[in-house]
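Student: Need a 3D model of the sequence below.
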Amino acid sequence: MQAYADYAFYIDTYHGEMEEVDFDRHALSASQYIRAMTYNRSDGYAGDELKYAVCESSDILHELSEKTRSNSGGEKKSENTDGYSVSYVVEGKDGETVLELAGRKIGDVIRKWLLPTGLLYAGARCGHVDKH
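Tutor: Residues are numbered from 1 along each chain as shown. This is a model prediction of the structure:
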């Protein structure tokens, strides 16, 4: 199994900033998201849209893994000093896990890049050639 984009494309064309070892790991996961959303039809597609979708999705995965690793709370949303309660601004919806947030954000990226290609079409095709 191979990722749809390589590090050379990520650096030279997409102008990404991630280290190669991180990109390779995240690009493989991003490619799997794409395979799942396209019902494996993406393996037969040669357009650059796949590469851009992988690069942008890899950046999302990297960003979320870095935030999880650093375990930083982020920007304060509210604070109560009497009972010492602090809330932080987060990207995710209330109760949303990091994995769910990643899936939602990557799904948005994949739709942005691949909707025009027809790869995300989930309906059945009858095989009928439309003659106008």
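
Student: What's the biggest helix in this protein, counting residues?
Tutor: helix 48-70 (DSSP state H).

Student: which residues touch that one?
Tutor: 3-5, 9-10, 13-14, 16, 18, 22-23, 26-27, 29-31, 33-34, 42, 74, 98, 101-102, 105-106, 109-110, 112-114, 116-117 (CB atoms under 8 Å, 6 or more residues apart in numbering). For the C-beta atoms, the positions are set from N, CA and C on the backbone; glycine is no exception.

Student: Helices - which of those land there?
Tutor: Using DSSP H, those in helices are 9-10, 22-23, 26-27, 29-31, 33-34, 98, 101-102, 105-106, 109-110, 112-114.

Student: how close does the residue nearest to Glu96 when sequence neighbours are not counted get to Arg111?
Tutor: Take Glu96 and drop its neighbours on the chain: the residue closest to it by CB to CB, 6 or more residues apart in numbering is Arg104, 7.6 Å away. In this structure, Arg104 and Arg111 are 11 Å apart, going by CB to CB, to the nearest Å.

Student: One more: Lys105?
Tutor: 11 Å.

Student: I'd assumed Gly123 was in a strand, is it?
Tutor: No - counting by DSSP: H, G, I helix; E, B strand; the rest coil, one finds Gly123 to be coil, located in no strand.

Student: what number of residues lie near it?
Tutor: 5 (other CB atoms under 10 Å).
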